Every structure is written in structure tokens, then in C-alpha cells.
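In: coordinates only, sequence not included:
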């Protein structure tokens, strides 16, 4: 990745070096049981996912809330532990989102335990998270699927750039980022292609972009570039609508998933072109890649997801109903009446 360092990123990197207590505790547990910290994080996440999935199936029973409460805390911790990665790569938006996951999970756990009556919107939210997180990590943990998504994303951006007449590019060879630093071609990687059993480096499986003349374009594609996170949120939100017939849910999925992929392809193509066309552009010390990737594209993506949700509310009013009932003002009202 072509990333010029801004003072805020240097400060964030120094924060990583000063390991905070929770990450330090996870590292100590990992050392005690002789596995990697990433493996401990995945175990925490898997346990949280299973608890939420089980609680979704146990909807309407008091034990459903009791099962969901530790699930929210574990899943919040799982996401929170990713914040150090986003600090390293200098992504302030995702740093804030992942750092908020643990307190958010604790709040949801308390809400579950204080309101053990049948709350259809909270039950929907359990299912939404389970339907979102589990499929995403299936893709992440199976290298064949992970690589397929990365290649499809890179080729989609390449086709979009050439179709728009913004240059001629080619997708390079797949590489694997190693945990201890460095990278190797996928052909030389000795890991298991059916199940990821060893931690990888920051980029995981990645593929670089080249100009048609063979010159490196200073842009690489990883799984996070695929838009899978955005797609899977809508997949989870729609699939968890148990009271809605499957034909309406399928229509919602057909609208949401391809639209997100097309918008994400425009996003990726735009980042490649802007970074390539304006290599020396800066604003307040932030280079074009950082500005386009971490700020402009993030804001545009969040706005696009907001518009997508509004469009789906017409087809799936139940979705709107659940979201409104989960807003903080409703949470406060329920807490007062409890």
C-alpha cells in the first residue's frame, strides 16, 4: 500500500507500542497456553458467535437473554482487539468503531439481563450479528474463499478502470503477508489452504496492481477491500427477519448485495486512479491514498449504506421497525419502565 505517514499516524503507532491492559492480558494468556494472540482472539470471537447464534434460536425463552449476555461481551472483546491493527495502518474511523465495540457489548449484555422478557428487536439484533459475523469469518478462515474474494475485487476494479478509460492495469501474483514480517508468493506459502491455522501479517492474502507496462501501481487489494463487511451487514439484517417471508428477504438480498459490490468497485477504482494520478497531492500532511481511502471513501461508503437502508425500508418495513426500537432513546425508555 502506498501510505505516506502523517503525524497522527505516528502518534497512533506509538500508542500500539504502549500495549493497553486488555491486549497485554490476552498476550499473557496466549503465551501461557503456547498459542498466538490471534488464535486466542479467534477463540473468543467464535465463542461469542456461537452464544449469540444459540440465543437467537432460543428466542422467547428467559435463558435466551442469559446466553446472549456473555456472547455480546465476548464478541465486543473480539472486535475491540482488532483496534490495534487499525491503529497500525492508520485508519481512524475503524479505530473508533472497533474501540467502541467492547463498551457497546457490555451495554448490550446489561440490557439483556435487565430485560429478559421477549424483545423482538433485540432478538433480531442477535440474529443479525450472528448472520453477519459467522459468514464473514468463514470466508476469512478458509484461504480458498479469502483469495477468491480478493481476486474478484481486484479484477472488478481493473475492469472498471479500463471501461472508464482511466488507464490500463493488470492484477499481479497473489502474495501472503507473514506474521513476523515480509511476504511470500502464494505458491511458496506452506499453510493450509482449507483452514487458516496460522496467523498472517497485516495484509493477509493480497494482490498488487500493475500498469500495463509492468510498473507497480503502489496499490494492493486485500479482503477488506472487497466490501464484504458492508454486504454481510445487510445479509445479517435481512436474514434475521424471521417474521418476513423468504421471498421478500431474497428480494432484499438481490437488491442489496450486487448494488454494494458495484458501488465498492467504483470506490476501489477511484482510489487507484486518484492515488496514481495525484501521487504528490497532500492536505495537512495527508497523502492522496490516505485521504481517499481512510476519509473520503469511508464517508461515501457510510452515506451509501444509509441510503441503501432507506431504500430497503420500503420493501422491508420490519427492518425499519427493529432499528427504531433499538435506538438509544428507546433503550432509555425501556430501562425506566423496567
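Out: Received the coordinates, thanks. Everything quoted here is computed from the prediction, not taken from an experiment.

In: Now do the phi/psi pair for residue 157.
Out: Taking degrees, to the nearest 10, you get phi -70, psi -40 for the backbone angles of residue 157.

In: What is the neighbour count of the closest residue to it other than its chain neighbours?
Out: Leaving aside its sequence neighbours, residue 157 sits nearest to residue 268 (C-beta to C-beta, 6 or more residues apart in numbering; 4.0 Å). C-betas here are computed from N, CA, C, even on glycine. For residue 268, the neighbour count with other C-beta atoms under 10 Å is 25.

In: got a pLDDT number for residue 268?
Out: pLDDT, residue 268: 94.

In: which residues does it contact?
Out: By C-beta atoms under 8 Å, 6 or more residues apart in numbering, the residues touching residue 268 are 153, 156-157, 160, 221, 225.

In: got it, and residue 229?
Out: By C-beta under 8 Å, 6+ apart, the residues touching residue 229 are residue 136.

In: Okay, and it sits in which element?
Out: Using DSSP states H and E, residue 229 sits in helix 228-239.

In: just to revisit the earlier point, so which of the contacts of residue 268 is the most crowded?
Out: Highest neighbour count within the contacts of residue 268: residue 221, with 29 neighbours (other C-beta under 10 Å).

In: Okay, and the beta partners of it?
Out: According to DSSP bridges, the residues that bridge with residue 221 are residue 207.

In: show me where the stretch 201-338 of the chain has helices.
Out: Using DSSP state H, counting those that start in this stretch, the helices of the stretch 201-338 of the chain run over residues 228-239, 246-277, 288-290, 297-315, 317-325, 328-337.

In: which parts of the fifth one are buried?
Out: This means helix 317-325. By 16 or more other C-beta atoms under 10 Å, the buried positions in helix 317-325 come out as 318-319, 322-323, 325.

In: could you dump those to a markdown table with pLDDT and distance to residue 45?
Out: Shown next, in a markdown table, are the buried residues of helix 317-325 (pLDDT from 0 to 100; distance: C-beta to C-beta, whole Å):
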| residue | pLDDT | distance to residue 45 |
| --- | --- | --- |
| 318 | 93 | 28 |
| 319 | 93 | 25 |
| 322 | 92 | 24 |
| 323 | 91 | 24 |
| 325 | 87 | 27 |
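
In: so can I have a markdown table of these showing distance to residue 192?
Out: Shown next, in a markdown table, are the buried residues of helix 317-325 (distance: C-beta to C-beta, whole Å):
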| residue | distance to residue 192 |
| --- | --- |
| 318 | 41 |
| 319 | 38 |
| 322 | 39 |
| 323 | 40 |
| 325 | 43 |
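
In: Need the winner for burial among the helices of the stretch 201-338 of the chain.
Out: Ranked by mean neighbour count under mean count of other C-beta atoms under 10 Å, the helices of the stretch 201-338 of the chain are led by helix 288-290, which reaches a mean of 23.

In: That helix packs against which elements?
Out: Other helices and strands packing on helix 288-290, by 3 or more C-beta pairs under 8 Å, 6 or more residues apart in numbering; DSSP states H and E, are helix 246-277.

In: how big is the angle separating the helix it packs on from helix 317-325?
Out: Here helix 246-277 points in a direction 70 degrees away from that of helix 317-325 (axes from the mean of the first three to the mean of the last three C-alpha atoms, to 10 degrees).

In: now helix 246-277, how far from the centre of its chain.
Out: For helix 246-277, the distance from its own C-alpha centre to the chain's C-alpha centre is 15 Å (C-alpha atoms, centre = their mean, to the nearest Å).

In: Fine by me, we can end here.
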